[in-house]
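Asks: Sequence and predicted structure are below.
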Amino acid sequence: MRDLTLPEICFIACKYIGFGLLVARWVITGDAIGFFLMLFMLCMVLLRWLVPKLSYTVIVDVMACAIFFPFGMGLALFSAMYYRKYWTILGLGVFYMDLHMGAIGALAGLAGFFLGQWEKSRVRGFKGRDAQAERYYELEDLQTDLQTATAQVERMTVVSERARIAREIHDNAGHEIVAAYMSLQVARDGLDGADTSALELYDAALQRLEKGAEKIREAVHNLAPVTTLGVEAMRNICGDFPGAKVEFKSFGDTNHVPVHIWGVLEACINETLTNALRHAKPKIINVNLDATPKLVRLCVENHVVSKRRTTFGNGLRNLRYRAASVGGSLTIDQGEKYRVVCVIPIRSEVP
Amino acid sequence: MTVFKYAFIRGIKSPASLILNCAMPLALIILNPDIGFGPLAAEQNRLPFLVALLIIFGGFYVARSIQIDKMDGTIIRILAGPVTMRSYLVQNFLSAMIPMTVLSIIIGILGFALNGWELYFAVGLTICYAFLAATSIGLSFVWSCLFKDKEASSAVFAVLITMVATLSGLMLPFSMLPRFLQYIGALFPAQWANRSLEAIVEYGLSGQFWLGILAMFLFTVAFLLYGGKRRLV
């Protein structure tokens, strides 16, 4: 059970005093109604203790006191004002003929009002601190995400560069050397009458060239990355996604999309697919990637719209920051379809 | 309703519960047919008051399954399943309330059929006993929350019930008690049961009778709310 706060302790103490006064009145007057009032109010207090959301039931206390037990109005108003049901002050109307009782009721109500305000300001302070803590943890979360993303981009850059070098060697140097080797092999048939020592030298050079071509082929094979990159990586993510069928379509030339943008797009596709499965459980999810020379647009959509409006949770909020960090944007459309669109401009490296 | 089923079976199979809830009240009603009516009848025949005392005991013991569950750790295993504390308490309350209500009805029917009670008297007695049983079961719930040890709980309850029986007027006529003791006794539901019984014996289903019933109802609500809030585990 949670610890009671000081305003709550004061509230409970004042209620005990109120109950004590009711008991005293009951003993002095011998009026059984006083006993029933006590018992009834005890039940209501226990009910509000059991279910704190039922604080509005103080209205029942005030009404019962107004109709049956006017002398308990002070205690009822005290609770009602503490729970900020201000209009119950109208209950004081039952004392229009008895100013003394009216004054006691008003004072009890005022005491309840001040205690309620005290508790409210305390709760407001806690809420403010909670909001600050939440913002702090969100920023920390974002920082961790960005650090992870930076490391990922670094890895992808390395892999991408290796792939480019492998492609360059294979497409340019590799082809040239193989072509030269084949030309030299053809030329060897025309040199049958030449000097023997020159022919031996020629054959040795040919063998070394053959070994060189083989080593280039091996180097290209070793340099080529095992992991997929870019559009292939996205296709793999969609294909391997469990729980729903994901239809991936790509349009335009994606070769000129920089590596750091692929990092953002991959994070985006992972997050949105997981979110779709968690909240909407669709059977089919469509993923469209459009690449133009100026921008790249990723759209993830499904036909199942959750009844609860989606707000930007931590994952989507961080994605939004990441998209913004590369000059892009992330938007959610919850019309007939649920759609997440990420648009990122492609900036020319050389101005 | 699995909890209800097993609590019900356990409640009615217990020998103490059988004696307190069936044998003794029914024997008292059957063996004492001469209940007088009218002024001073309450002081001449204490039978309905003794039965009320037995019902307090019976209600308390029939609802002790919660305490037993708490002692042997069964409650932890039950609450580990898809059973909420509220549902557990409601099912236990029902399982204890049904036999006690049936007993009250049987007492009314037997009195009406065998002992020649007036209809209003039989009905009033049945209502009074049923509400008293509900209050007693509510008290048992509160008791289960307050005590961790079964023996200590029984010992303190025995002391309390002796005090309650004296102060409430169930053992000796209420009017014989000093005034301040009457006020203290009013804090226990048994005194309101006593007032209802006195009212029905002497004046029939009067306002005083319904006032006692209302008090017992409010006590039951208060006990159940308190018992429902306090954690058992």
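Replies: Thanks, I have it. Everything quoted here is computed from the prediction, not taken from an experiment.
Asks: Would you confirm that residue A:50 contacts residue B:225?
Replies: Yes: between residue A:50 and residue B:225 there is a contact under C-beta atoms under 8 Å: 5.2 Å. The C-beta positions use only the backbone N, C-alpha and C, and glycine is treated the same way.
Asks: Which of those two has more residues huddled nearby?
Replies: residue B:225 (22 against 16; other C-beta atoms under 10 Å in any protein chain shown).
Asks: And residue A:181, how close does it get to residue A:170?
Replies: 15 Å (C-beta to C-beta, to the nearest Å).
Asks: And residue B:23, by the same measure?
Replies: Residue B:23 is 100 Å from residue A:170, by C-beta to C-beta.
Asks: For those two, work out which one has more neighbours and name it.
Replies: Neighbour comparison, residue B:23 and residue A:170: the larger count goes to residue A:170, with 17 against 12 (by other C-beta under 10 Å).
Asks: Give me the neighbour count for residue B:159.
Replies: Neighbours around residue B:159, by other C-beta under 10 Å: 10.
Asks: Over to residue A:341?
Replies: 17.
Asks: pretty sure it contacts residue A:297?
Replies: Yes: the pair residue A:341 / residue A:297 is scored as a contact, 6.7 Å apart, by C-beta under 8 Å.
Asks: Tell me if I'm right that residue A:265 and residue A:296 touch.
Replies: Yes: counting by C-beta under 8 Å, residue A:265 touches residue A:296, with 7.0 Å between them.
Asks: any common contacting residues for those two?
Replies: Common contacts of residue A:265 and residue A:296 (C-beta atoms under 8 Å, 6 or more residues apart in numbering or on different chains): A:289, A:344.
Asks: who in chain B is up against chain A?
Replies: Contact residues, chain B versus chain A (C-beta under 8 Å from any C-beta of the partner chain): B:183, B:186, B:211, B:214-215, B:218-219, B:221-222, B:225-226, B:228-229, B:231.
Asks: now those: which count as buried?
Replies: B:183, B:186, B:211, B:214, B:215, B:218, B:219, B:221, B:222, B:225, B:226, B:228 (16 or more other C-beta atoms under 10 Å in any protein chain shown).
Asks: Mind picking the two most distant members of these?
Replies: B:183 and B:228 (28.6 Å; C-beta to C-beta).
Asks: could you measure the one residue in chain A that gets nearest to chain B against residue B:147, distance?
Replies: Distance from chain B to each residue of chain A (C-beta to the nearest C-beta) is smallest for residue A:46, at 3.8 Å. Distance check for residue A:46 against residue B:147: by C-beta to C-beta, it reads 19 Å.
Asks: How about residue B:123?
Replies: 36 Å.
Asks: do residue A:75 as well
Replies: 31 Å.
Asks: quick one, which of these two is more surrounded?
Replies: Between residue A:75 and residue B:147, counted using other C-beta under 10 Å, residue A:75 has the larger neighbour count: 27 against 18.
Asks: can I assume the more buried one is in contact with residue A:22?
Replies: Yes: using C-beta under 8 Å, residue A:75 makes contact with residue A:22 at a distance of 7.0 Å.
Asks: which residues do those two both contact?
Replies: The contact lists of residue A:75 and residue A:22 share residue A:41, where a contact means C-beta under 8 Å, 6+ apart.
Asks: all helices for chain B, in order.
Replies: Along chain B, counting by DSSP state H, helices occupy B:2-13, B:15-18, B:24-31, B:41-44, B:47-62, B:65-72, B:74-80, B:85-114, B:119-146, B:150-168, B:179-185, B:189-202, B:207-229.
Asks: list the buried ones in the first one?
Replies: Neighbour-count burial for helix B:2-13 flags B:3, B:4, B:6, B:7, B:8, B:10, B:11, B:12 (criterion: 16+ other C-beta under 10 Å).
Asks: again with the third one
Replies: Burial within helix B:24-31, assessed by neighbour count using 16+ other C-beta under 10 Å, is assigned to B:24, B:25, B:29.
Asks: Give the full set of residues in contact with the second one.
Replies: Taking C-beta under 8 Å, 6+ apart as the definition of contact, the neighbours of residue B:25 are B:51, B:54, B:55, B:58, B:103, B:107.
Asks: same thing but at 10 Å, please
Replies: By C-beta atoms under 10 Å, 6 or more residues apart in numbering or on different chains, residue B:25 lies in contact with B:19, B:47, B:50-55, B:58, B:103-104, B:106-107, B:110, B:129.
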